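Trainee: Have a look; sequence and predicted model below, questions after that.
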Amino acid sequence: MELKKTPLWSEHKRMGAKLVEFGGWEMPLQYTSIIEEHKSVREKAGIFDVSHMGEILVEGADAIPFVDNLITNSVSKLKSGEICYSPMCYENATIVDDLLAYKFSENKVLLVVNASNTDKDFEWIESQKRGYRVDVKNVSNDYAQIAFQGSIAEKILKKVAGVDLSKISFYTFTTGQINGINCIVSRTGYTGEDGFEFYFEPAAAIAMWRKLIEIGNGDVKPCGLGARDTLRFEACYMLYGNDIDDTTTPLEAGLGWTVDFTKPSFNGKDVLEKQREVGVSKRLRGFEIDGGIARHGYEIFAEDRKIGRVTSGTKSPTLNRSLALGYVDTEHAKIGNTLSVDIHGKKINSTVIKTPFYRGSVKSK
Amino acid sequence: MKKYLKTHEWAEINGKIATVGISDHAQNQLGDVVYVNLPDVGKKVKAGEILCSVESVKSASDVYAPLSGKVVEVNKTLEASPELVNKSAEGDGWIAKIEVSNPNEFNSLLDKSAYDKFIEESN
């Protein structure tokens, strides 16, 4: 199968990025160095081509109750112009995908989903329509998306923003111009830093990309998926397919804050209520590894008993410590517990630590 | 004189002692090296067997022994400064020294120009 390309693909190539396959897309892994790009976002700012993300538009009289039934969080409680992060679950409460829901109005919601899940999500959402008066469209090809992240992102982006960025609070959005192009602009991100994500017509992507680098005067680095992953990892944001998937539930992943049990019904509610009542049997935790790097799939032990598995792990570029996320049986999930991870056949001491590993300049609600 | 493996390690021999590491091309492909899982001193290896592993931000890669013998020294500097592998893969970023049991094995490795040609062809 031929890999899909974002509208910025030729620009990445021109700039000498190292391209890799990701979720069916050919995407930049890095331009210069993952660590350099990571640090530029932590210290100043960076931009990411995230045009591979999927956008699914839900419109119609029942848009809000329909989306509320699909996801664990609540769009009925949002005002127009607000966004929520949410898992979308199957009936058994395992996770189809995690997404952002942009509430435009009482009859329009835009769901931003993971690139590799877009087709699966669209089919799943279509299958859930039943009696709801909604129209569901996969509009992924209508949008380029750029994430502009870093503590100085607002200061720099202001130079080309036709909207008052200071009025866009965390997890809200507006429509307006960036570099003269109509965009959906939200204060969201996947790095742990303050910043914006904007969606706009693909034909304008290359000019936009170049402009953002130009106005940064050296302070805005183009970043690849490598840095995107290490940044989100330090902030302990979930990566679908690694930390959450169709074998895990939001409560096991520590996403209880995204589950609105006050809603009358939603996919997975029964199972989640049961889990809330009797407790989960496994729990996602953060770990500090004593030596070496724990990777996705490595096994976690208590003494000689296998009690879990690593879902993500690397050496944190900001903290310079070897860290990991992983599921362990709840009885071993206490913060401070010493467990071990099998790394290349050696059991390495690993301590359960608090998450997130790092808090950046990201605003709170 | 350095010689290379198709698996992107290098070796340089001085008497019975070979210094080994990964090639500059390999470090470039790996990206930022964040951890070198050094072999134990005293470990016996055969040419072509796994000697140790090198971890980049994204993944772990096995390093193969270019020559048979016994590990007699490892580059301890890499414990605190794994980035030396990126900065100087074929110099200060060496990984281990092996007391070779069969120096003739060295002859069968690729010389620099053959290795460069191999890389070019595999691109």
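Mentor: Looks like it came in fine. Numbers count the residues shown, from 1 in each chain, chains lettered A, B, ... in the order given.
Trainee: neighbours around B:N14, how many?
Mentor: Residue neighbour count, defined by other C-beta atoms under 10 Å in any protein chain shown, stands at 8 for B:N14. (C-beta placed from N, C-alpha, C; glycine too.)
Trainee: hang on, B:K6 in a helix?
Mentor: No: with DSSP: H, G, I helix; E, B strand; the rest coil as the criterion, B:K6 is assigned coil and is not in a helix.
Trainee: Nearest residue to it in space, please, no chain neighbours.
Mentor: Take B:K6 and drop its neighbours on the chain: the residue closest to it by C-beta to C-beta, 6 or more residues apart in numbering or on different chains is B:F118, 5.9 Å away.
Trainee: A:T72 touches A:V259, doesn't it?
Mentor: Yes: in this structure A:T72 lies within contact range of A:V259 using C-beta atoms under 8 Å: 4.3 Å.
Trainee: where do the contact lists of the two overlap?
Mentor: Shared contacts of A:T72 and A:V259, defined by C-beta atoms under 8 Å, 6 or more residues apart in numbering or on different chains, are found at A:P87, A:P250, A:L272.
Trainee: what are the bridge partners for A:K4, then?
Mentor: A:W25 (DSSP bridges).
Trainee: Report the secondary structure state of A:E154.
Mentor: At A:E154 the chain is in helix, as set by three-state DSSP.
Trainee: since we're on it, how many residues are nearby?
Mentor: A:E154: 20 neighbours (other C-beta under 10 Å).
Trainee: Could you do A:K13 as well?
Mentor: So A:K13, with other C-beta under 10 Å, has 13 neighbours.
Trainee: any idea how far it is from A:S74?
Mentor: To A:S74, A:K13 is 42 Å away according to C-beta to C-beta, to the nearest Å.
Trainee: do B:N123 as well
Mentor: 52 Å.
Trainee: Compare these two (neighbour count), which wins?
Mentor: More crowded of B:N123 and A:S74, by other C-beta under 10 Å: A:S74, with 20 against 5.
Trainee: is it true that the more buried one lies in a strand?
Mentor: No: counting by three-state DSSP, A:S74 is not part of a strand but coil.
Trainee: Helix, strand, or coil at the closest residue to it other than its chain neighbours?
Mentor: Excluding its sequence neighbours, the residue lying closest to A:S74 (C-beta to C-beta, 6+ apart) is A:D260, at 4.1 Å. On the three-state scheme (three-state DSSP), A:D260 is labelled coil.
Trainee: Surely A:D260 and A:V75 touch.
Mentor: No: using C-beta under 8 Å, A:D260 makes no contact with A:V75, being 9.7 Å away.
Trainee: more neighbours, these two?
Mentor: Higher neighbour count among A:D260 and A:V75: A:V75, with 25 against 18, using other C-beta under 10 Å.
Trainee: pretty sure that one contacts A:C84?
Mentor: Yes: the criterion here is C-beta under 8 Å, and A:V75 meets it with A:C84 at 6.4 Å.
Trainee: what is in contact with the two at once?
Mentor: Contacts common to A:V75 and A:C84, judged by C-beta under 8 Å, 6+ apart, are A:A101, A:K103.
Trainee: Of all the residues in stretch B:61-74, which ones are buried?
Mentor: Going by neighbour count (16 or more other C-beta atoms under 10 Å in any protein chain shown), the buried part of stretch B:61-74 is B:S61, B:V63, B:Y64, B:A65, B:P66, B:L67, B:S68, B:G69, B:V71, B:V74.
Trainee: Could you find the closest non-adjacent residue to the residue of chain B found nearest chain A?
Mentor: Nearest to chain A in chain B, going by C-beta to the nearest C-beta, is B:V34, at a distance of 4.0 Å. In this structure, B:V34 finds its nearest non-sequential neighbour in A:K315, 4.0 Å apart by C-beta to C-beta, 6+ apart.
Trainee: any idea how chain A splits into domains?
Mentor: A:9-51+A:143-234, A:54-140, A:281-353 (automatic domain parsing).
Trainee: so can I have JSON lines of the ones you listed showing distance to B:G42 and mean pLDDT?
Mentor: JSON lines is the format used below for the domains of chain A (distance: least, C-beta to C-beta, whole Å; pLDDT from 0 to 100):
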{"stretch": "domain A:9-51+A:143-234", "distance to B:G42": "33", "mean pLDDT": "97"}
{"stretch": "domain A:54-140", "distance to B:G42": "45", "mean pLDDT": "98"}
{"stretch": "domain A:281-353", "distance to B:G42": "16", "mean pLDDT": "97"}
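Trainee: Can you lay out those domains as JSON lines showing distance to A:D245?
Mentor: Output for the domains of chain A, formatted as JSON lines (distance: least, C-beta to C-beta, whole Å):
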{"stretch": "domain A:9-51+A:143-234", "distance to A:D245": "13"}
{"stretch": "domain A:54-140", "distance to A:D245": "6"}
{"stretch": "domain A:281-353", "distance to A:D245": "9"}
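Trainee: do you know which of those domains lies nearest B:A89?
Mentor: Among these, domain A:9-51+A:143-234 comes nearest to B:A89, with 14.5 Å by C-beta to C-beta.
Trainee: Can you get me the start-to-end distance on the closest one?
Mentor: 27 Å (C-alpha to C-alpha, to the nearest Å).
Trainee: Kindly report the same for stretch A:59-66.
Mentor: Criterion C-alpha to C-alpha; first-to-last residue distance in stretch A:59-66 is 10 Å.
Trainee: still on that earlier bit, just give me the closest of the buried residues of stretch B:61-74 to B:E55.
Mentor: Of all the buried residues of stretch B:61-74, B:S61 has the smallest distance to B:E55: 7.6 Å, by C-beta to C-beta.
Trainee: how deep is the spatially closest residue to that closest one that is not a sequence neighbour tucked in, by neighbour count?
Mentor: Of all residues not flanking B:S61 in the chain, B:V54 sits nearest, at 5.4 Å (C-beta to C-beta, 6+ apart). When neighbours are defined as other C-beta under 10 Å, B:V54 has 26 of them.
Trainee: Partner strands of the helix or strand where B:V54 lies and their direction?
Mentor: Secondary structure from DSSP states H and E places B:V54 in strand B:50-56. In the sheet containing strand B:50-56, the strands it pairs with under DSSP bridges are strand B:33-37 (antiparallel), strand B:60-64 (antiparallel).
Trainee: now the closest residue to chain B within the stretch 151-300 of chain A, nearest residue through space, not along the chain?
Mentor: Relative to chain B, the nearest point of the stretch 151-300 of chain A is A:I293 (4.6 Å; C-beta to the nearest C-beta). For A:I293, ignoring the flanking residues on the chain, the nearest one in space by C-beta to C-beta, 6+ apart is B:E55 at 4.6 Å.
Trainee: for the most centrally placed residue in chain B, what are its contacts?
Mentor: The centroid of chain B falls nearest to B:G21 when counting by C-alpha atoms, centre = their mean (2.3 Å). Counting by C-beta under 8 Å, 6+ apart, B:G21 touches B:E9, B:W10, B:V85, B:A89, B:E90, B:G93, B:W94, B:I95, B:A96.
Trainee: Is it bridged to anything, and to what?
Mentor: B:W10.
Trainee: And it, how far from B:N104?
Mentor: Taken as C-beta to C-beta, the span from B:G21 to B:N104 is 21 Å.
Trainee: now swap in A:N114 and tell me
Mentor: In terms of C-beta to C-beta, A:N114 sits 54 Å off from B:N104.
Trainee: got it, and A:E11?
Mentor: Taking C-beta to C-beta, one finds A:E11 at 51 Å from B:N104.
Trainee: Spell out which parts of chain B neighbour chain A.
Mentor: Counting by C-beta under 8 Å from any C-beta of the partner chain, the residues of chain B lying close to chain A are B:G31, B:D32, B:V34, B:Y35, B:N37, B:S53, B:E55, B:V57, B:K58, B:S59, B:A60.
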